[in-house]
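In: Any chance you can model this:
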Amino acid sequence: MFIFKSLRTTLIILIGIYASGAMAGSATKITLSGVDKRSAITQVPELWLDFEKANYLHSTLKSSPQKVYVVYDAFAKDYLQADVLIGYDVRDLKRYKHSEAINVDKFTQVLAKGIYSSKQLTDAWQAFDYRKQVKAVLEIHTLASLGNKEQVALYVQYQ
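Out: Numbering: from 1, shown residues only. Just a heads-up that it's a prediction; the model follows:
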């Protein structure tokens, strides 16, 4: 149903990880619902496919969504595995089965909303201060309207 260019970008970012201030103007918390799974980081593109095929989720949308959120948390010590949720803000849904609240004030902006090359996104992930122990990562994908490219913002939360 939904084909996201971010699938390719996410794969490149995650391969890059494997190989080698707080959000202004936002509500303090957002509540997300979608597809989630404990996954090897290299397997996240498969979760994107599950999300795209999640007709039960897409059929509950009130209208065309403007954003898709990706949350990575509960990382393994080697950062090769995490709990990953790909979904929508519950305010965009008529109903939902489960949800996860995210306190966005605890995240630090790494990349402002914009159009980035795969290399820029990979570099941003690699620039996290892993010595501080990354607790969670939040990607906000602003979906492209006709004639525009998808934009991404990237945030990190440390322990």
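
In: was I right about Leu61 contacting Lys94?
Out: Yes: with contact defined as Cβ atoms under 8 Å, Leu61 counts as touching Lys94 (7.4 Å). For the C-beta atoms, the positions are set from N, CA and C on the backbone; glycine is no exception.

In: quick one: which of these two has more around it?
Out: Legend: neighbour count by other Cβ atoms under 10 Å for Leu61 and Lys94, higher for Leu61 (12 against 9).

In: List the contacts of that one.
Out: By Cβ atoms under 8 Å, 6 or more residues apart in numbering, the contact list for Leu61 reads 88, 92-94.

In: Using CSV, lay out those residues together with secondary structure, distance to Gln43 and pLDDT.
Out: Putting the contacts of Leu61 into CSV (DSSP: H, G, I helix; E, B strand; the rest coil; distance: Cβ to Cβ, whole Å; pLDDT from 0 to 100) gives the following:
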residue, secondary structure, distance to Gln43, pLDDT
Tyr88, strand, 21, 96
Asp92, helix, 26, 96
Leu93, strand, 25, 97
Lys94, coil, 30, 96
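
In: closest to Ala74 among the residues you listed?
Out: Tyr88 (20.9 Å; Cβ to Cβ).

In: pLDDT of the strand ranked longest in the chain, averaged?
Out: Looking across the chain with DSSP state E, the single longest strand is strand 29-40. Averaging pLDDT along strand 29-40 gives 96.
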